[in-house]
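1. Fold the stuff below for me.
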Amino acid sequence: MLQARRECAMRIGIVTETYPPEVNGVALTVHSLAAGMAALGHAVDLVRPRQPGHAPFADEPGIEALQTPGVGLPRYPGLRFGLPVTGRLVARWKRDRPDAVYVATEGPLGWAAMRAAIRLGIPVATGFHTRFDAYAGHYGVKWLTPLVRKHLRRFHNRADATLVPTRGLAAELEAMGIVNSRLLRRAVDIDLFHPSRRDDALRASWGADEDTLVVLYVGRIAAEKNLPLALASFEAAKARHPKALYVWVGDGPERAALQAAHPDFVFAGMRSGEDLAAHYASADLFVFPSLSETFGNVVLEALAAGVPVVAYDEGAAREHVVDGVNGVRIESGNEKSFINCAACVASDLRQLHAMGRAARHGVSSLAPGAVIADFERLLKSLVTERSHEHHATSATA
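-> Now for the predicted structure:
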């Protein structure tokens with residue numbers, strides 16, 4: 001089987017403006033795709049910005065990395081966007097041509113990769129990971145939303161395919177004028193995120209005992225995550241369960257102000273690996289009020305860890321939360337209902353733990369291997385389609 005993989009192996013260009021050791025959903029998803037394709041025997045040509053302050057990036061098995069110049073992203077310390085290096089990519093890909101290119105981000109580096117791939121006639125797929133059009137309103141520049149949507153439309157429609165995690169997002173993009181969406185579902189590491197990682201000692205360090213309701217937040221602590229609704233939901237839950245405790249995992253521009261205003265909250269900072277998995281499993285309820293996500297990987301991680309989810313009927317929640325069974329889905333934008341549902345589900349710890357057991361069961365089949373196989377098939381289909389187009393053009397010339 002492995003020999004067969006090697007004989008039909010491809011060279012895949014993957015271009016991204018965020019990648020580990022950065023910790024965010026896009027970085028971790030792209031790393032999973034790159035590592036998964038390498039594990040199948042494909043050669044991965046990874047292009048990403050250089051990260052000052054980190055040790056030089058070491059190539060992983062099967063992944064050859066090119067680090068390009070980058071600039072810090074305003075209001076997002078630690079995140080960068082890559083500078084346009086079209087000529088450098090053209091020269092690199094002429095020398096060692098990829099069969100297909102996947103561009104994960106829409107910044108200057110992503111545009112450079114798009115131009116280089118089109119110039120060389122290489123099939124290119126893009127990923128739609130972030131609703132930047134939704135971010136504009138959260139940062140006081142809502143008037144920019146139409147311009148951001150125009151940018152996204154121009155970028156993704158130049159690709160052969162735009163990969164999206166849900167059919168709902170595909171429909172949204174079609175309404176926005178992005179017409180080439182193809183479904184690539186997301187996975188979750190069900191071995192890492194597991195209820196068995198619940199840690200009584202960790203809970204005790206937060207000041208929680210077995211009768212304490214622990215509500216969890218995981219993600220960027222930033223305006224676009226709808227933080228006021230997270231706070232209002234917790235206060236409503238605490239009114240029903242006075243021993244409730246709020247634990248925040250992550251960092252971001254709003255953390256300092258939030259921590260100063262709520263000294264009773266637990267701010268755990270950035271966590272990863274088994275440490276992050278233990279934080280999930282040691283909580284009782286995951287409240288996810290964001291409306292700016294294309295998917296929300298954290299929803300799958302919480303469910304896999306056996307933690308019920310309260311979320312809007314969007315992205316991962318729409319696909320994987322069964323209302324009243326492993327969590328609660330609320331009509332998008334209905335803040336009053338969101339707060340009431342968070343309070344209601346938090347009022348009965350016994351019922352909450354039963355929902356947690358159902359949560360784990362509902363995502364137990366979402367292993368990463370199936371998603372990597374789908375990604376492989378999608379890229380191979382683009383190569384085949386381009387080959388057929390070339391032969392058809394040659395035949396009519």
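
2. Can you give the domain ranges for this structure?
-> Following automatic domain parsing, the chain resolves into domains at 2-187+367-396, 195-363.

3. Tabulate the ones you listed in JSON lines, adding columns for mean pLDDT and mean neighbour count.
-> From N, CA and C alone the C-beta is placed, and that goes for glycine too. Shown next, in JSON lines, are these (pLDDT from 0 to 100; neighbours: other CB atoms under 10 Å):
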{"stretch": "domain 2-187+367-396", "mean pLDDT": "84", "mean neighbour count": "18"}
{"stretch": "domain 195-363", "mean pLDDT": "94", "mean neighbour count": "19"}
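
4. Now G127: phi and psi?
-> phi -110, psi 140 (degrees, to the nearest 10).

5. With adjacent residues omitted, what lies nearest to it?
-> A104 (4.5 Å; CB to CB, 6 or more residues apart in numbering).

6. next one: phi and psi at the one you found?
-> According to degrees, to the nearest 10, A104 has phi -90, psi -20.

7. which residues touch it?
-> I14, V15, T16, E17, T18, V26, T29, V30, G110, T126, G127, H129 (CB atoms under 8 Å, 6 or more residues apart in numbering).

8. Inside strands: which ones of these?
-> If you go by DSSP state E, the contacts of A104 have I14, V15, T126, G127 in strands.

9. tell me which element the residue lying closest to the third one once chain neighbours are set aside falls in.
-> Taking CB to CB, 6+ apart, and ignoring the residues beside it in sequence, T126 has A159 as its nearest neighbour in space, at 4.3 Å. A159 is located outside every helix and strand, with elements delineated by DSSP states H and E.

10. ok, A100 touching V15?
-> No: between A100 and V15 there is no contact under CB atoms under 8 Å: 11.6 Å.

11. re the thing from before, any idea how far the residue nearest to T126 is from W93?
-> According to CB to CB, to the nearest Å, A159 stands 16 Å off from W93.

12. what does D251 give?
-> In this view, D251 and W93 are 36 Å apart by CB to CB.

13. repeat for Y102
-> 13 Å.

14. what residues are shared contacts of these two?
-> With CB under 8 Å, 6+ apart, Y102 and W93 have common neighbours G13.

15. where exactly do the helices run in the stretch 1-150 of the chain?
-> 2-7, 25-39, 86-95, 108-120, 132-138, 145-157 (DSSP state H, counting those that start in this stretch).

16. Quick one: those helices as JSON lines, columns for distance to A346 too.
-> Below are the helices of the stretch 1-150 of the chain laid out as JSON lines (distance: least, CB to CB, whole Å):
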{"stretch": "helix 2-7", "distance to A346": "48"}
{"stretch": "helix 25-39", "distance to A346": "25"}
{"stretch": "helix 86-95", "distance to A346": "51"}
{"stretch": "helix 108-120", "distance to A346": "41"}
{"stretch": "helix 132-138", "distance to A346": "26"}
{"stretch": "helix 145-157", "distance to A346": "34"}
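
17. out of those helices, nearest to D348?
-> Closest to D348 of the helices of the stretch 1-150 of the chain is helix 25-39 (CB to CB; 30.9 Å).

18. and that closest one, what does it pack onto?
-> Under the contact criterion of 3 or more CB pairs under 8 Å, 6 or more residues apart in numbering; DSSP states H and E, helix 25-39 touches strand 11-15, strand 43-49, strand 63-68, helix 297-304, helix 368-396.

19. which residues sit against it?
-> Taking CB under 8 Å, 6+ apart as the rule, helix 25-39 contacts 12, 14, 16, 18-20, 44, 46, 60-63, 102, 104-105, 127, 129-130, 186-187, 293, 295-298, 368-369, 371-372, 375-376.

20. Could I have the CA atoms of that helix written out in CSV?
-> Coordinates of each C-alpha in helix 25-39 appear next as CSV, following Å, rounded to 0.1, in the frame of the first residue of the first chain:
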residue,chain,number,x,y,z
GLY,A,25,-7.6,27.3,14.3
VAL,A,26,-6.2,28.1,10.9
ALA,A,27,-2.6,27.4,11.8
LEU,A,28,-3.5,24.0,13.4
THR,A,29,-5.8,23.0,10.5
VAL,A,30,-3.2,23.8,7.9
HIS,A,31,-0.5,22.0,9.8
SER,A,32,-2.8,18.9,10.0
LEU,A,33,-3.3,19.0,6.2
ALA,A,34,0.5,19.4,5.6
ALA,A,35,1.5,16.7,8.0
GLY,A,36,-1.3,14.4,6.8
MET,A,37,-0.3,14.7,3.1
ALA,A,38,3.4,14.1,4.0
ALA,A,39,2.4,11.0,6.0
